[in-house]
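*Asks:* Let me see the structure of the following:
(2 chains)
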Protein chains: 2
Amino acid sequence: MTRPAIGKLNIRKAFDQIDEHWSPHIAANVNGQDVRLAKIEGAFEWHHHDGVEEAFYVVKGAFTMRFRDRDVSLAEGDFIVVPAGVEHMPVADKECWIMMIENAGTLNTGAHENERTKRDLPTLKGAE
Amino acid sequence: MTRPAIGKLNIRKAFDQIDEHWSPHIAANVNGQDVRLAKIEGAFEWHHHDGVEEAFYVVKGAFTMRFRDRDVSLAEGDFIVVPAGVEHMPVADKECWIMMIENAGTLNTGAHENERTKRDLPTLKGAE
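*Replies:* The predicted structure is shown next:
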């Protein structure tokens, strides 16, 4: 078989490449799932992803995942999976660094498209 | 829709539940991918996963991913994707804590089955 490139990326250092909040960057793709990194601060908006689960892992800082019926506080090292179709809204009082796992192509704003929608997500440099 | 449970797991604390090396535990499932945690120490064995990519993220410590044509050193925070079908062997001089992402059902020993094969992987407790 053709030998594919095997790179590595340091997740914490990769955040240096991100200079905008709410702008997911692609760190890797694994079996059709994107591993995305984002810096978040402030409140996003209510949205859901039809048929797609979305995992969040807190790399640095903390944030609250709001659901319609409760809030879940997430600290550094916490991992949560938002079930498909469930409305959620991340809110970070201070800048927080997160890793996400979700189907490649999933829109950050879910079923809505608006001025916060990000298309053609940038891929992080650093694989060697 | 039925309201699914939404839990969170602290990845670092979850390692307290793992008391054996080379025994992957399931932290979450996301769109058919397992997120697995394992403590590793020493050398595993050469293996590959047909048709399945396998991602590794170093939560604590360091290890070397050996490939047939090179070694890749991985430190805390490093992330690497092993392409499908590519032989690899993780080696950790000291205990190292890793997170893996791969298709649910993937055998830890890949195409081989032997005494290191783990079936019916335990699921980590801690989701609330």
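
*Asks:* buried set for the lengthiest strand in chain A?
*Replies:* Assignment by DSSP state E gives strand A:88-103 as the longest strand of chain A. The neighbour-count check on strand A:88-103 (16 or more other C-beta atoms under 10 Å in any protein chain shown) flags A:88, A:90, A:92, A:96-103 as buried. Just so you know, the C-beta spots here come from the backbone N, C-alpha and C atoms, and that holds for glycine as well.

*Asks:* That one close to chain B?
*Replies:* Yes. Using C-beta under 8 Å from any C-beta of the partner chain, a contact is recorded between strand A:88-103 and chain B, made by A:101-103.

*Asks:* Same question for stretch A:26-42.
*Replies:* Yes. Against chain B, stretch A:26-42 shows contacts by C-beta under 8 Å from any C-beta at A:27-33, A:35.

*Asks:* Now the buried members of these.
*Replies:* So, by 16+ other C-beta under 10 Å, the buried ones in these are A:27-28, A:30-31, A:33, A:35.

*Asks:* I'd like those written out as TSV, with pLDDT and secondary structure added.
*Replies:* Supplementary listing: those in TSV, determined by pLDDT from 0 to 100; DSSP: H, G, I helix; E, B strand; the rest coil:
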residue	pLDDT	secondary structure
A:27	95	strand
A:28	95	strand
A:30	96	strand
A:31	97	coil
A:33	97	strand
A:35	97	strand
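
*Asks:* which pair in these spans the largest distance?
*Replies:* Spatial extent of these (C-beta to C-beta) is set by the pair A:27 and A:31 at 14.6 Å.

*Asks:* What is the neighbour count of the nearest residue to residue A:17 once chain neighbours are set aside?
*Replies:* Distance criterion C-beta to C-beta, 6 or more residues apart in numbering or on different chains; nearest residue to residue A:17, sequence neighbours excluded, is residue A:124 at 5.4 Å. If you count neighbours by other C-beta atoms under 10 Å in any protein chain shown, residue A:124 ends up with 21.

*Asks:* cool, residue A:55 as well?
*Replies:* Burial measure for residue A:55: 23 neighbouring residues, criterion other C-beta under 10 Å.

*Asks:* that older thread, the residue nearest to residue A:17 against residue A:35, yeah?
*Replies:* No. Using C-beta atoms under 8 Å, residue A:124 is not in contact with residue A:35, being 9.8 Å away.

*Asks:* Overlap in contacts, these two.
*Replies:* With contacts taken as C-beta atoms under 8 Å, 6 or more residues apart in numbering or on different chains, the residues that reach both residue A:124 and residue A:35 are A:26-27.
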